[in-house]
Each structure stands twice: as C-alpha cells, then as structure tokens.
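Chemist: model the structure of this input:
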Amino acid sequence: MMVRAPSDTTDLLAERRDALLHLARDHGAECAAVFGFGSALGAGSASHGALRFFSGWDGHESLSLLIITSDSAYLLVGSPFMLPLARELRPDLAAEHVPPLDWGKVFAARMHGTCVATVGFGELPRQVDAGLTADGFAAGPSLDDAAARLRLVKDAAALSRHRDAAALCDLLFGRLGAELARRRPAWEIQLDLETEARRQGADYCRTWLTIAPAADYPRYWPAEARRVPEHGDQVLFGVALTADGHWGHGIRMGSIGPQKAEHRELAGHAGAMLEAGLSALRPGLPLAGAERAMEAVLAERVDGSERQRMRRFRNGHGLGFSYEEPLTTAVFRQHFDPGAPPAAASDLVLAPGMLFELHPNLFVPGLGGAALGEMVLVTPEGPECLLHHPRACRSWD
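Modeler: Numbering: from 1, shown residues only. Below is the predicted model of the structure:
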C-alpha cells in the first residue's frame, strides 16, 4: 500500500458542514463550532473524530477549532507549525494560527454575541474553557449527539478507506509469525510491526501484544511487554490503526507450540460469542442486540462463579473517524472497569453502512485468555467481515 490523498472531497466536507449548520439553526443557534484534539492521542480522543468528519483536518499533537457560519468556515490552528500544512491541505477553509487561549477573542470580534452551537466542547482543556469564558463566550446548545447521527452510516468513500485500514491490519497479522520466530521482546515486535504499518500507509498505529504462559490482559507498553516468546506461551495480538483518519481494528491469537486444552476451551468461548454477535448485526435489529447476544452465549457456556473471576474489556464498539464512535459504543459495557455504568439503552436500529468492531474476550487469572476481533460492516444482506486473516488460533514454532 502507499499513502493516498485525503478521500474527503471539498464538496463532501461542505455538505457535512451545511448539515451541521442546519442542525445548529434548528437548535436556535446561528453558527457552530467544532473543537478537536489531533490524532496523536489515538483512541484517547473523541473530539478528533468529529473535527476530522467536518473539516478533513488533523492537527496531530495540537488543538484546533472549526467555526462554521453561513458564509465561511474558519479553522483556528493552535500551533504555528501546523499552519502551512493546514493551508496546503485544506484550501477550502480559512485557516489561521490563533493560540487556543485567544480563541475567545475571535468569537468576540467576529461572532458579535451570536449564539454558537458546539461539538466536542466536553473535551476542552480547562485553561482554554476559562479563556473563552473570560472573553465573554457562552456556549450555546451542544450538538454532540445530533452531529454523531450524521456519522452513523458510512458513505462509499469512507468505506473504501476503512477497507484500506482492514488490509493493513491483515498485513500485520500475517507478519506476526515471522516476528515471533526472531525471539525478541514483545515491545520490539510491536515497534517493528507498527513501523511497518506506517510505512505501508497508516497515519497512526497502536498495538497490544500479550505473550505469556497464561495471557492476562492487553499489554501495550514496553514496561509491560518485555517477555521473549517461549514454547508454551499464549500470544494475543491487537491492532488499532488509521488510514486517512479512518480506523481499522482487529485481534488474533495463537500459541508458541501446540495450544493447550484449557486455552482451546477459552478460544472456543470467544469464537462462539463472536458468531452470536455477528448474527445480531443485521439491518432492522436493535443496536444493542450484539452485546446481549454475546453475553447470553457466555452465560450459557460458563457458570456464574467462573464468570466472576474473569477480567474482560468491551465486547465491541462502533468504528469510524473515532476508535469508539459515539452513539454506537455505549451499548457495549466496559467490563474491564468494575465501576463502569451498565450498557446504555438505545433507540437506534442497525442500518446498512454502520461499522463495528466486535471483539469478545475473556481472561481467567492463572489459566489464560482469549480474544478475537473483527471489523464488521452492516450490509443489506447482513454482516460483512472486512478482515480476511484467518480467525483460527495459530501455532507458531
């Protein structure tokens, strides 16, 4: 693969901004402002996805603000070093460098007290928020949920890039075995694979690689991923990356040498949960059905006391410009956090063009773990898996 030009055309972005402006007016506002971090935070930012959707802009490690009015779209770039790139890549926007602490002065000078609807302002850093308030800015209605509904169904251009991202995930899965055979620490394997993803066209890549006799949880960082693969180890490998801002994600697993019987059983649970979740991702069915279906399968296969011992993360989430897309993620409970709220209720039904990551998983202390992750597109005929690397557990030498 190779780096391609941004897929979001000027016309498409303008249509999205017009739709947001109409929503703002429906809520009594005259213009709209979209705040976003850059992509450097990866899965740690929800605001970046919204900013990217409406502007096509990535500030990387810097903050940005998009202001949409009836006659223009202004992009306030928080770092002077990003301004040349913004003007080159986004000539459709009136880009200028304005330090975030001075954004309030822009509103005061140009908006003249008009009501401004907001998107992403829940992630505003405290100092920036205080600066806006000091300059007299009062945020109008939040359009977070309304804007998120515009992103529920992916268009053809977006789906093409998500397929590119899926292909990059497959590439890394295919190269994992050769890296394991070199018998280096897990973090070095991650580094080389992440670098290869970037070389092949990913603009962001983060992996987790758990190598242990009994897999215990997703290990991301060098300090926790020092183990050198040994015979008898489990291997669980997760990939999360973007292609032109569009997320791709997947998980595969295997073992060094023959798989142990207890690990085969755990993998069977994860596989059965995934199949149940896939069956629930069909047009017209409730959005929350996949979580319920996977939890029901786990309850059928594992008794209550054993489930209490397990450590698990989400069974799935929405994918798009955000790693965890708004509206389609909260229906999957974050099991890894005992204090997390239960799965959210939702009135949404599944429709063709919605995109999800399903990754049922379970970790039993002292025994081992299992996880499988699939990118799943809802089509008129049912679920389509965008990853092509085999799901079956591999046995590596």
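Chemist: residues contacting the closest residue to Leu63 other than its chain neighbours?
Modeler: Distance criterion C-beta to C-beta, 6 or more residues apart in numbering; nearest residue to Leu63, sequence neighbours excluded, is Gly78 at 3.9 Å. Heads up, the C-betas are built off the backbone N, CA and C, glycines and all. Residues counted as contacts of Gly78 (C-beta atoms under 8 Å, 6 or more residues apart in numbering) are Gly59, Ser62, Leu63, Ser64, Leu65, His97, Val98, Pro99, Pro100.
Chemist: of these, closest to Leu193?
Modeler: Nearest to Leu193 among these, counting by C-beta to C-beta, is Gly59 at 26.2 Å.
Chemist: wasn't the closest one part of a strand?
Modeler: No: using DSSP: H, G, I helix; E, B strand; the rest coil, the assignment for Gly59 is coil, not a strand.
Chemist: so it touches Phe37, yeah?
Modeler: Yes: between Gly59 and Phe37 there is a contact under C-beta atoms under 8 Å: 7.2 Å.
Chemist: coming back round to it: look up phi and psi at the residue nearest to Leu63.
Modeler: Per-residue torsions, Gly78: phi -70, psi -20 (degrees, to the nearest 10).
Chemist: what do you get for His269?
Modeler: phi -60, psi -50.
Chemist: try Glu179
Modeler: According to degrees, to the nearest 10, Glu179 has phi -70, psi -40.
Chemist: contacting residues around Ala32?
Modeler: Ala32 neighbours (C-beta under 8 Å, 6+ apart): Leu20, Leu21, Leu23, Ala24, Ile67, Ile68, Val116, Ala117, Thr118, Val119, Leu143.
Chemist: how close does the last one sit to Tyr204?
Modeler: Taken as C-beta to C-beta, to the nearest Å, the spacing of Leu143 relative to Tyr204 amounts to 26 Å.
Chemist: sorry, back to before: got any residues that touch both of Gly59 and Phe37?
Modeler: Leu51.
Chemist: now do stretch 236-246, average pLDDT.
Modeler: Average pLDDT, stretch 236-246: 97.
Chemist: about what we covered before: can you put the contacts of Ala32 in TSV and add distance to Gly368, neighbour count and secondary structure?
Modeler: What follows is the contacts of Ala32, written out as TSV (distance: C-beta to C-beta, whole Å; neighbours: other C-beta atoms under 10 Å; DSSP: H, G, I helix; E, B strand; the rest coil):
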residue	distance to Gly368	neighbour count	secondary structure
Leu20	47	24	helix
Leu21	53	19	helix
Leu23	48	19	helix
Ala24	51	26	helix
Ile67	52	21	strand
Ile68	51	24	strand
Val116	52	22	strand
Ala117	49	28	strand
Thr118	46	20	strand
Val119	43	27	strand
Leu143	45	25	coil
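Chemist: please identify which pair of those residues lies farthest apart.
Modeler: Across those, the longest distance by C-beta to C-beta is 15.1 Å; it joins Leu23 and Ile67.
Chemist: ok, and the most crowded of the contacts of Gly78?
Modeler: Using other C-beta atoms under 10 Å as the neighbour test, the contacts of Gly78 are led by Ser64, with 28 neighbours.
Chemist: please verify my assumption that that one contacts Ser45.
Modeler: No: using C-beta under 8 Å as the test, Ser64 is too far from Ser45 to be in contact (11.6 Å).
Chemist: what sits in contact with each of these two?
Modeler: Joint contacts of Ser64 and Ser45 (C-beta under 8 Å, 6+ apart) are Gly36, Gly38.
Chemist: could you tell me how many residues sit around Ala181?
Modeler: 12.
Chemist: let me fix that: Val297
Modeler: Val297 - counted by other C-beta under 10 Å - has 20 other residues nearby.
Chemist: cool, Gly44 as well?
Modeler: Around Gly44 there are 11 residues (other C-beta under 10 Å).
Chemist: same question, Thr133
Modeler: Counted with other C-beta under 10 Å, Thr133 comes out at 12.
Chemist: okay, stretch 154-163 in CSV with CA atoms only?
Modeler: C-alpha atoms of stretch 154-163 as CSV (Å, rounded to 0.1, in the frame of the first residue of the first chain):
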residue,chain,number,x,y,z
LYS,A,154,-20.6,5.5,6.3
ASP,A,155,-20.5,6.7,2.7
ALA,A,156,-18.7,4.9,-0.1
ALA,A,157,-15.5,7.0,0.2
ALA,A,158,-15.3,6.3,3.9
LEU,A,159,-15.9,2.6,3.5
SER,A,160,-13.1,2.4,0.9
ARG,A,161,-10.7,3.8,3.5
HIS,A,162,-11.9,1.5,6.2
ARG,A,163,-11.2,-1.4,3.8
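Chemist: list the contacts of it.
Modeler: Contacts of stretch 154-163 (C-beta under 8 Å, 6+ apart): 7-9, 12, 243-248, 319-320, 353-355, 375, 377, 386.
Chemist: if you set the cut-off to 7 Å instead, what comes out?
Modeler: With contact meaning C-beta atoms under 7 Å, 6 or more residues apart in numbering, stretch 154-163 is reached by Ser7, Asp8, Leu12, Ala243, Asp244, His246, Gly248, Gly320, Gly353, Leu355, Leu377, Leu386.
Chemist: now those: which count as buried?
Modeler: Using 16 or more other C-beta atoms under 10 Å as the burial test, the contacts of stretch 154-163 include Ser7, Asp8, Ala243, Asp244, His246, Gly248, Gly320, Gly353, Leu355, Leu377, Leu386 as buried.
Chemist: so, low pLDDT: which residues of the stretch 151-300 of the chain?
Modeler: Within the stretch 151-300 of the chain, not a single segment meets pLDDT under 70.
Chemist: okay, strands next: where are they in it?
Modeler: Using DSSP state E, counting those that start in this stretch, the strands of the stretch 151-300 of the chain run over 204-212, 234-243, 246-256.
Chemist: would you mind getting the angle between the last one and strand 234-243?
Modeler: Looking back up the chat, that one is strand 246-256. Angle of strand 246-256 versus strand 234-243, following axes from the mean of the first three to the mean of the last three C-alpha atoms, to 10 degrees, is 160 degrees.
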